[in-house]
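S.K.: Here is my input, please return the structure:
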Amino acid sequence: MNHPTNRFDMHYETHFGDRVIRCFRQRPASVQAMLQSALERNPDGDAFVVEGERVSYRQLARRASRVAAAFHQLGVRPGDRVALVLRNGPALMYGLYGALWLGAIAVPLNAREQGAGLGYIFSDCAPKVAIAEADLVQRLHDGGATKDLVALFAAGGDAEGARPFEALLEGADTRLPLARPDQEDIAVLLYTSGTTGRPKGAMQTHLNIAHTVKLWEKSMDLRFAERSVLAVPGSHVTGLMGIIFTMAHMAGCTLIMPQFDAAEFNQLVADESATSTIMVPAMYKLCLMRANFDTLDLDSWRVGAFGGAPMPESTIVEFRQRLPHLQLMNAYGATETCTAVTAMPPAAQLEHLDSIGQVLDGVDIRIMDEQGQECPAGESGELWISGPVVIPGYWQDAERTAQNFVGGYWRSGDIGDISTDGYVRIFDRKKDMIIRGGYNIYCIEVENAIAYHPAVAECAVIGVPDPVLGEKILAVISSQDSDLDADTLRRFCAERLADYKVLDFVHLQREPLPRNANGKVMKTTLRDRLAHPETEPC
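M.R.: Here you go, the predicted model:
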């Protein structure tokens, strides 16, 4: 029987023991193969640009091989771990690809992670070598993360007990061959945020990553030599998988922002003819608000994916008016899925504002009840997700792997449903629900309604104890608008929500909401800080 041979043709394969999953016939063999292909197809094209420094694929390969050779001299071998506690910048790119060149496992860690968290992660995955920002080295020492390292390198300055990062780029033998790992080998360990316990090391394999970049290529209609802005952390699943590795797959350029600033983002898009990005909705809104938006040529910007929160209708409409060629696309994924498993067709965005899109190729999402039975159509339940992007499990953690992975499906902990025409909705986290007077209230539904208000930069909804109703609703809102008040927000919500879902308490603040190292809002911190909301300003 003859099969079509287009680049998105799929068939079934068996992986990770007994998982039977739909896979792309044509896909990269590994992250290393993606880098090699980019080097062959676009050797002098930009691999990345950061703060005026322009690095071609030829230069990236040469420097990554030097770093790999230096690691090898220190005793690092294929399968060993290399920790990267780095912000967006050249050291992250060289350290990442240097580790992979050798066949080691890269462990990118958010620079916002604190000493105790770093100490736990280092003890869990036992890296041989680490590279850290110079100003974060002491945090590693304080957390006990450095005691078993063979070597520690500091980027961006000097630090006690660490060698300069530049030593990795100098003097090593550059003839080390590029590794050729098996597709089920681990390429990257990304640690989850640990909001429900200690962090878990998600084992992201070359098979997972190969399918992730293919899904981004198809869903965003990416092209050869694409130019994507990295404005989110490169140590997070979105930045690493959706931008850095996807750009390597497209032989494209990662336009690196060490720190997000909306005016600088707009300028970077114009100066570097950026074509795509992935950000959170608040970042898009800030881009519209900056005075330089209408003075720059942003015609190159074709597609922008977003996730993590709803995009207010007003923001989508304003982008359509001011940049009619830009396609905005909602997407949903997680560390355990190596990023997006659903995406919204851009043309349907306004018609399905409450949806995270349709299920992507090769992915299967089932809505399951508490007993592990599939829910009838129209009923909500937990999203169970399977497919080639779903990781095999957690690093050296058989117990939590068994709890969270069933028959090849990852139990997401998200509650939602799928419409008859295939649009997926998320109502809330399984453990993040308010029960007010016997009514179940999904926090995310209320947050979605609040987010549409043009003066709201970001918001979080939490339940607070009440002796009569059990719980009441508190909204914590970050806004720069001094005219915004609680009554205005209550009226706004009352037009969009059932009466029992309207806010009981409102806390307004100018500062951003507290977030953990992976960028998730820390609702536990908010609950502790606002234990008595009636005393807080409204």
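
S.K.: who touches Thr401 in this structure?
M.R.: Applying Cβ atoms under 8 Å, 6 or more residues apart in numbering, we find Thr401 in contact with 393-394. Glycine gets a C-beta too; all of them are placed from N, C-alpha and C.

S.K.: My error: substitute Gly304 in the last question.
M.R.: Shown in contact with Gly304 (Cβ under 8 Å, 6+ apart): 276-279, 284, 326-329.

S.K.: Let's see if you can find the most crowded of those.
M.R.: When neighbours are counted by other Cβ atoms under 10 Å, Ser276 leads the contacts of Gly304 with 30 neighbours.

S.K.: for the closest residue to Gly144 other than its chain neighbours, helix, strand, or coil?
M.R.: Residue nearest to Gly144 in three dimensions, not counting chain neighbours: Gly119, with 4.3 Å by Cβ to Cβ, 6 or more residues apart in numbering. Three-state assignment for Gly119 (DSSP: H, G, I helix; E, B strand; the rest coil): helix.

S.K.: what would the contacts of Gly304 look like in a markdown table with distance to Phe48 and secondary structure?
M.R.: Shown next, in a markdown table, are the contacts of Gly304 (distance: Cβ to Cβ, whole Å; DSSP: H, G, I helix; E, B strand; the rest coil):
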| residue | distance to Phe48 | secondary structure |
| --- | --- | --- |
| Ser276 | 15 | strand |
| Thr277 | 14 | strand |
| Ile278 | 16 | strand |
| Met279 | 18 | strand |
| Tyr284 | 23 | helix |
| Leu326 | 23 | coil |
| Gln327 | 24 | strand |
| Leu328 | 25 | strand |
| Met329 | 23 | strand |
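
S.K.: any idea which of these is closest to Thr339?
M.R.: Ile278 (8.5 Å; Cβ to Cβ).

S.K.: so where's the stretch 401-538 of the chain uncertain?
M.R.: Scanning the stretch 401-538 of the chain for pLDDT under 70 picks out the ranges 429-431, 438, 517-519, 531-538.

S.K.: closest to Leu152 among the contacts of Gly304?
M.R.: Nearest to Leu152 among the contacts of Gly304, with distances taken as Cβ to Cβ, is Ile278, at 31.4 Å.

S.K.: didn't Asp148 look like it was pressed against Ala126?
M.R.: Yes. In this structure, Asp148 is within contact of Ala126 by Cβ atoms under 8 Å, at 6.6 Å.

S.K.: quick one: the residue nearest to Gly144 from Val76, how far?
M.R.: In this view, Gly119 and Val76 are 21 Å apart by Cβ to Cβ, to the nearest Å.

S.K.: higher neighbour count, those two?
M.R.: Legend: neighbour count by other Cβ under 10 Å for Gly119 and Val76, higher for Val76 (23 against 20).

S.K.: three-state assignment of the more buried one?
M.R.: Secondary structure for Val76, judged by three-state DSSP, is coil.

S.K.: How about the contacts made by it?
M.R.: Applying Cβ under 8 Å, 6+ apart to Val76 gives the contacts 82, 99, 102, 104, 128-129, 150.

S.K.: What does it show for phi and psi?
M.R.: For Val76, the backbone dihedrals (degrees, to the nearest 10) come out as phi -70, psi 130.

S.K.: Good, we can wrap up now.
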